[in-house]
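Trainee: let's see this in three dimensions:
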Amino acid sequence: MRDFFQLLIPTVSELFCMFLAFFIPFVLYRISGKLYEVGNPSWKHKEENE
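Mentor: Numbering: from 1, shown residues only. This next block holds a predicted model:
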C-alpha cells in the first residue's frame, strides 16, 4: 500500500519540472509584452486608436 502512495506523490525533481513548465512560458510572455510596448512604433499606435 505504501508503494502505491509513493507512486502518486510527485518527487522533488517532478515538482521542479512542473514549476519550470509554468514559469518559463509565463516569463517569455511577459518579456514579449514589454518588448511590444517598447518597440511598437508611434505610427502604429495612431492606427490602433482609430
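Trainee: residue 32: neighbouring residues, count only.
Mentor: Per other CB atoms under 10 Å, the neighbour tally for residue 32 reads 10. Placement of C-beta: from N, CA and C, glycine included.
Trainee: any idea how far it is from residue 24?
Mentor: 13 Å (CB to CB, to the nearest Å).
Trainee: residue boundaries of the strands in the chain?
Mentor: Taking DSSP state E as the criterion, the chain carries no strands.
Trainee: where are the low-confidence patches of it?
Mentor: Scanning the chain for pLDDT under 70 picks out the ranges 45-50.
Trainee: outside of stretch 15-26, which residues touch it?
Mentor: If you take CB atoms under 8 Å, 6 or more residues apart in numbering as the criterion, stretch 15-26 is touched by residue 10.
Trainee: can you give me the buried ones in that stretch?
Mentor: Residues of stretch 15-26 include none that count as buried (16 or more other CB atoms under 10 Å).
Trainee: output that stretch in CSV, but only the C-alpha positions, please.
Mentor: Extracted in CSV, the C-alpha atoms of stretch 15-26 (Å, rounded to 0.1, in the frame of the first residue of the first chain):
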residue,chain,number,x,y,z
LEU,A,15,7.7,19.4,-8.9
PHE,A,16,10.7,21.4,-10.1
CYS,A,17,9.9,20.5,-13.7
MET,A,18,6.2,21.4,-13.2
PHE,A,19,7.3,24.7,-11.9
LEU,A,20,9.5,25.3,-14.9
ALA,A,21,6.8,24.3,-17.3
PHE,A,22,4.7,27.1,-15.9
PHE,A,23,7.4,29.7,-15.1
ILE,A,24,9.3,29.7,-18.4
PRO,A,25,6.4,30.4,-20.7
PHE,A,26,5.0,33.0,-18.3
